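**Q** pasting the sequence and the predicted model now:
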Amino acid sequence: MGNAVIRQAGYILAHTPDLLKWHGSAILQARHKNPDEPWLSEIPRHLRSFDQAVNYPPHQCFIGNISPAELETLPRPWLNVIQEGGTVGTFGEIYSESVLYGMLCFVDAFDLTVWQESFVQDIRGKLADHPTLASRGLMDKAVTASEDELALLVAQHAAPLWYGERLVGCVKAAHDLDINLSAHVMLENLVTKASAVLAGWHISSDMLEKVEYVIECSEEAIGDVNQRGGGNLAKAVAESLNCLQATGIDMRGFCAGPVHALVNAAALVKSGVYKHVLVLAGGSVAKLGMNGRDHIRQGLPLMEDVLGGFALLISEDDGVSPVINTRVVGRHTVGTGASPQAVMGALISQPLKAVGMTTADVDKYSAELQNPEITQPAGAGNVPESNYKMIAALSVMEGWLERSQINEFVARHGMPGFAPTQGHIPSGVPFIGHGLCEIADNTIDNFMVVGKGSLFLGRMTSQFDGISVLVERNQGIVEDVVLDNRAAAELLAEAMRKVADELEAGGWHG
């Protein structure tokens, strides 16, 4: 069979300060434990405006308006960099909270969302001039209510949707007793679905029509009391994307999920099961404001105020698009162990050595690309830099690199983190769009996508998890030569005649 290629990539961010304030898990838990916690009252003063979120350099990098190399040249903190950015980038777009609310209405299949009439009109007005969303009718099926009716629904445990100081809507529970269908869970799942659809719309419509299989790889669980994670968000997203030829499945693996999905998609295409597979994920409401307490205490804005989403189109070989090399797949197995050396060995050096490569043969490594300006104030350090230093140290141990070359290796093969801390979102996939472009313009020849996940969070195992795969320049389609039995027999007979003639001419000297 032919190779599987990454044909298109799309990335989106949605600025959601009010979802952060009212529904982020860390803030919800703190408010439940002690509503008078001082830092909670500080939240409004630390929220960014939409323009501030758009102009923030890592966000511009995420949607492709600047490259990771260009981001690295900007002085840190990036929060202090004053430069105007666009909402639309090479790979995608940054959306406002009002647009995301409109998407909640669009993807709502069971009338779970209820909206204030004036807000519906506001959104319709804002979308009227949007080049891609104006014609999609996001609010066409909106269920409306008065302010008093909305307030009553919220009092009856619907999840409130605030827009600044206005209560503009709510998400109702889908069942009176089932906590798996509670208002809060339905809000989380609808937001993930909505942001995944936004990302999917950045794949060309003509290709969406050809998609046969969708793999959704976020970290939400779709189901009810009898099957908490039964799914299938992938098929729900495919329906909203009008992928009429597609079925699909949810694939989960905490932060490693997207790279698992990428490898599985490549296998499905390379084996000939499907010609076009869409790998996508929406964002996580729970992770909004996750490190907010630390950011507020240090006088910083609440930088975890955006949802992320991505979509990758994996297709049969077109002779041009970069190839997913399934001969170079690293995997953290049950027997690998959890030490950094063992993990990096399994994900990086072992798959490379198996095909005669070294770490220097990979131009770029795309691992955990969390924005360090978010993680460092919370005490988690610079995660991407730590990964690159570990890869460099591993290279020294393998004899591929001198210790004095570690910093040079990190600079050459690494990149700054630029993705929001949305769990699965920063895990390997944010660079793929940039990588496709850099291969196309001959800046690089290949890159390795690395996903790692902490399975202990689910309390079923203390195991670590990880998977990696090499993406490389397409060398063009090599036509397979297929011989039927008769042709093969004729070639063999001809070869034997030549051997017999040569033996007869030269005599036998055995």
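**A** Received the coordinates, thanks. Numbers count the residues shown, from 1 in each chain.
**Q** what ranges in the stretch 401-510 of the chain fall below the confidence cut-off?
**A** Counting by pLDDT under 70, the stretch 401-510 of the chain shows low-confidence ranges at 478-493, 495-496, 498-510.
**Q** what segments of it are helices?
**A** Along the stretch 401-510 of the chain, counting by DSSP state H, counting those that start in this stretch, helices occupy 406-413, 432-440, 485-506.
**Q** where in the stretch 151-300 of the chain is pLDDT low?
**A** For the stretch 151-300 of the chain, no range has pLDDT under 70.
**Q** quick one: the strands in it, in order.
**A** For the stretch 151-300 of the chain, strands defined by DSSP state E, counting those that start in this stretch occupy the ranges 159-163, 166-171, 213-216, 247-250, 276-281.
**Q** residues of the second one that come out buried?
**A** Neighbour-count burial for strand 166-171, with 16 or more other Cβ atoms under 10 Å as criterion, is recorded at 167-171. C-betas here are computed from N, CA, C, even on glycine.
**Q** need those residues in JSON lines (columns: distance to Pro426).
**A** JSON lines is the format used below for these (distance: Cβ to Cβ, whole Å):
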{"residue": "Leu167", "distance to Pro426": "32"}
{"residue": "Val168", "distance to Pro426": "30"}
{"residue": "Gly169", "distance to Pro426": "30"}
{"residue": "Cys170", "distance to Pro426": "31"}
{"residue": "Val171", "distance to Pro426": "27"}
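**Q** middle-most residue in the chain, spatially?
**A** Centroid check for the chain by Cα atoms, centre = their mean gives Ile425 as the closest residue, at 4.0 Å.
**Q** isn't that residue right next to Val306, touching?
**A** No - using Cβ atoms under 8 Å, Ile425 is not in contact with Val306, being 9.6 Å away.
**Q** what sits in contact with each of these two?
**A** Overlap of the contact sets of Ile425 and Val306 (by Cβ atoms under 8 Å, 6 or more residues apart in numbering) consists of Gly283.
**Q** if we can go back for a sec, not counting residues beside it along the chain, what's closest to the residue nearest to the centre of the chain?
**A** Gly308 (3.6 Å; Cβ to Cβ, 6 or more residues apart in numbering).
**Q** ok, the one you found - contacts?
**A** Counted by Cβ under 8 Å, 6+ apart, Gly308 has contacts 11-13, 62, 195, 283, 419-420, 422, 425-426.
**Q** A strand includes it, no?
**A** Yes - according to DSSP: H, G, I helix; E, B strand; the rest coil, Gly308 belongs to a strand.
**Q** could you check how far it is from Ala9?
**A** The span separating Gly308 from Ala9 equals 13 Å under the rule Cβ to Cβ, to the nearest Å.
**Q** what's the distance between Lys193 and Ala234?
**A** 10 Å.
**Q** Glu147 too?
**A** With Cβ to Cβ as the criterion, Glu147 and Ala234 are 37 Å apart.
**Q** when the two are compared, which one has more neighbours?
**A** Neighbours around Glu147 and Ala234, counted as other Cβ atoms under 10 Å, are more numerous at Ala234. The numbers are 28 against 13.
**Q** between the contacts of Gly308, which is closest to Leu352?
**A** Pro426 (23.0 Å; Cβ to Cβ).
**Q** now do the closest one: how many residues are near it, please.
**A** Counted with other Cβ under 10 Å, Pro426 comes out at 29.
**Q** same check, this time on the one 4 residues further on
**A** Applying other Cβ under 10 Å, we find 30 other residues in the vicinity of Pro430.
**Q** just checking, it touches Phe418?
**A** Yes - Pro430 is in contact with Phe418 according to Cβ under 8 Å; the separation is 6.7 Å.
**Q** overlap of the contact sets of the two?
**A** With Cβ under 8 Å, 6+ apart as the test, Pro430 and Phe418 both reach 62, 369.
**Q** now do the contacts for Lys9.
**A** To be clear, residue 9 is Ala; Lys isn't right here. Shown in contact with Ala9 (Cβ under 8 Å, 6+ apart): 91, 310-313, 432-433, 436.
**Q** ok, now Tyr163?
**A** Tyr163 makes contacts with 18, 97-98, 101, 119, as judged by Cβ under 8 Å, 6+ apart.
**Q** try 7 Å
**A** 18, 97-98, 119 (Cβ atoms under 7 Å, 6 or more residues apart in numbering).
**Q** who wins for neighbours among those residues?
**A** Glu97 (24 neighbours).
**Q** thought that residue was touching Asp18?
**A** Yes - using Cβ atoms under 7 Å, Glu97 is in contact with Asp18, at 6.0 Å.
**Q** quick check: Gly337 vs Gly345, distance?
**A** Gly337 is 9 Å from Gly345, by Cβ to Cβ.
**Q** between these two, who's got more neighbours?
**A** Taking other Cβ under 10 Å, Gly337 and Gly345 do not tie; Gly345 has more neighbours (20 against 15).
**Q** average pLDDT across stretch 34-50?
**A** For stretch 34-50, mean pLDDT is 97.
**Q** the residue nearest to Ile425 pairs with what?
**A** Using DSSP bridges, the bridge partners assigned to Gly308 are Leu13.
**Q** so what's the predicted local confidence for it?
**A** For Gly308, the pLDDT comes out at 98.
**Q** quick one: it from Leu369, how far?
**A** To Leu369, Gly308 is 11 Å away according to Cβ to Cβ.
**Q** could you tell me which residues touch both of the two?
**A** Contacts common to Gly308 and Leu369, judged by Cβ under 7 Å, 6+ apart, are Ala419.
**Q** I'd say Met290 and Leu302 touch.
**A** No - contact criterion Cβ under 7 Å: Met290 and Leu302 do not qualify, at 10.0 Å.
**Q** which one of these two is surrounded by more residues?
**A** Neighbours per residue (other Cβ under 10 Å) separate Met290 from Leu302, with Leu302 holding more: 26 against 23.
**Q** that one should be in a strand, yeah?
**A** No - assessed with three-state DSSP, Leu302 is coil; it does not lie in a strand.
**Q** excluding chain neighbours, what is closest to it?
**A** His46 (4.8 Å).
**Q** surely that neighbour touches Glu304?
**A** No - look at His46 against Glu304 with Cβ under 7 Å: they stay out of range, at 11.0 Å.
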